[in-house]
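Colleague: Got a predicted structure here, sequence first:
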Amino acid sequence: MENFRTIGAHWYSRPETLKQCTEKLLDFLIKLKELNPDYFGNWFELGYSKKEALKCNVELNYDYIKKMLSIKQKENDFPKTSFSIGVWDGTLIEIGVTSLSVSLGSNESEYYTNNCVVELPFDATKNDYYNSSKTNQEALLNLMKKSWQPEWISVNGNKIYP
């Protein structure tokens with residue numbers, strides 16, 4: 001298997017409430033942090049500049065995640081597009097950034113998927129991506145499968161599962 005730069009879980013038509021999406025995303029973020037706290041332990045909201053974004057540290061609690069997801073929708077909405085967020089790890093060197101984008105809860109069945117995409121950092125000291133070891137790749141892949149139960153997973157843009 002090639003080294004991961006991006007890994008994405010994708011699925012269609014899974015309408016879920018804001019509460020369901022919040023619970024699933026919070027659970028995923030906590031498990032991701034447990035998997036590797038150095039890379040997945042600290043997230044920041046996106047902002048107009050890196051300096052501004054670094055002022056918005058993401059708190060791993062239900063109320064905070066719900067607030068982030070609900071900017072455009074209300075509690076019982078089943079969004080036409082999705083509940084979505086994007087976060088990053090605060091790394092100022094572009095090639096070393098870890099980021100996460102998530103779109104959840106949509107009943108879309110043709111064009112836009114529900115998804116969770118993790119972009120992994122490049123470690124210049126090792127001239128390799130963070131998770132080039134087989135153990136790290138398998139752990140992240142298994143977490144993505146278990147957390148999202150996707151129809152397919154892509155790595156670096158290529159479909160690898162099922």
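Modeller: Received the coordinates, thanks. Numbering: from 1, shown residues only.
Colleague: only C-alpha atoms for contact and neighbour calcs from this point on.
Modeller: Fine.
Colleague: Which strand or helix spans the residue nearest the centre of the chain?
Modeller: What sits nearest the mean C-alpha location of the chain, by CA atoms, centre = their mean, is residue 100, with 3.6 Å. Per DSSP states H and E: residue 100 is located in strand 99-104.
Colleague: and what of residue 85?
Modeller: Secondary-structure element containing residue 85, defined by DSSP H and E: strand 83-88.
Colleague: now the residue nearest to the centre of the chain, nearest residue through space, not along the chain?
Modeller: With CA to CA, 6 or more residues apart in numbering as the criterion, residue 100 has its nearest non-adjacent residue at 4.6 Å, and that residue is residue 118.
Colleague: what's the neighbour count on that neighbour?
Modeller: 24 (other CA atoms under 10 Å).
Colleague: for it, helix, strand, or coil?
Modeller: With DSSP: H, G, I helix; E, B strand; the rest coil as the basis, residue 118 sits in strand.
Colleague: Grab the longest helix from the protein for me.
Modeller: The single longest helix within the chain, with elements called by DSSP state H, is helix 18-35.
Colleague: wouldn't residue 56 be in contact with residue 48 here?
Modeller: No. Residue 56 lies out of contact with residue 48 (CA atoms under 8 Å); the separation is 11.5 Å.
Colleague: Alright, that wraps it up for me.
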